[in-house]
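J.: Kindly generate the corresponding structure for this input.
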Amino acid sequence: MPPHLTVVEHPLIQHKLTIMRQKDTSTASFRQLLREISQLLAYEITRDLPMTQRTIDTPMQEMEAPVLAGKKLALISILRAGNGLLDGVLELIPSARVGFVGLYRDEETLQPVQYYFKVPDSLQDRRVIAVDPMLATGNSSAAAIDLLKEAGATDIRFLCLLAAPEGVAKMKEAHPDVPIVTAALDSRLNEKGYIVPGLGDAGDRMFGTK
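T.: Numbers count the residues shown, from 1 in each chain. A predicted model of the protein is given here:
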């Protein structure tokens with residue numbers, strides 16, 4: 001089993017993340033950088049995908065060549081901000097199946113409230129990658145993983161842009177079998193449950209809403 005938390009410290013990821021954190025970065029730039037970082041993070045989270053061999057013909061000769069094994073991956077976007085990561089990962093893995101989990105955080109209780117759930121079939125036979133830019137309290141992420149497990153998923157990874165120690169601890173407690181891949185582990189949450197230093201509300205910055 002991979003380590004519970006992997007922080008990908010690749011220079012390109014860290015440079016792009018720094019630009020995203022800046023409060024004067026435009027919506028268009030934020031969205032483009034998130035797509036680029038998600039592709040780089042996808043390399044890490046797919047590093048141990050199962051492989052098999054297939055006979056192919058090159059222009060020179062026949063050979064046994066490596067290909068991905070098993071059913072197509074399932075990418076699950078935790079709405080709405082997860083769509084920003086989803087777009088980039090899909091460009092890298094265009095044959096993946098896609099699902100959506102709609103959760104919003106009650107601003108009073110900080111607890112997740114479900115409003116939508118639609119995922120591919122045969123989750124038990126697929127590697128499932130759940131994506132959400134921010135792992136803050138961990139409540140919504142843990143609730144989304146609960147729903148995916150109820151739908152049959154057994155091989156799950158969680159991909160995020162930023163994580164807070166509180167969210168990592170919550171996920172490790174609730175789902176110790178789900179490895180997390182992120183670009184940065186920030187210092188803490190503030191009293192409103194936002195990641196500090198963070199980058200603000202990822203959904204608002206991605207979609208230009210307030």
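J.: Quick check, L17 in contact with L161.
T.: Yes: using C-beta atoms under 8 Å, L17 is in contact with L161, at 7.2 Å. Any C-beta I mention is one placed from the backbone N, CA and C, and that applies to glycine too.
J.: Name the residues contacting each of the two.
T.: Common contact partners of L17 and L161 (C-beta atoms under 8 Å, 6 or more residues apart in numbering): I37, A183, A184.
J.: Bridged to the last one, which residues?
T.: Beta-bridge pairing of A184 under DSSP bridges involves L162.
J.: Tell me, how many residues neighbour it?
T.: Neighbour count of A184, defined by other C-beta atoms under 10 Å: 20.
J.: Please apply the same query to Y115.
T.: 10.
J.: ok, now D24?
T.: By other C-beta under 10 Å, 5 other residues sit near D24.
J.: strands paired with the strand ranked longest in the chain, and their directions?
T.: Using DSSP state E to define each element, the chain has its longest strand at strand 97-105. Strand pairing for strand 97-105, determined by DSSP bridges: strand 74-79 (parallel), strand 112-118 (antiparallel).
J.: lowest-confidence stretch among the ones you listed?
T.: Sorting those by mean pLDDT places strand 112-118 lowest, at a mean of 89.
J.: Buried residues of that one, list them for me.
T.: Neighbour counts over strand 112-118 (16 or more other C-beta atoms under 10 Å) mark P112, F117 as buried.
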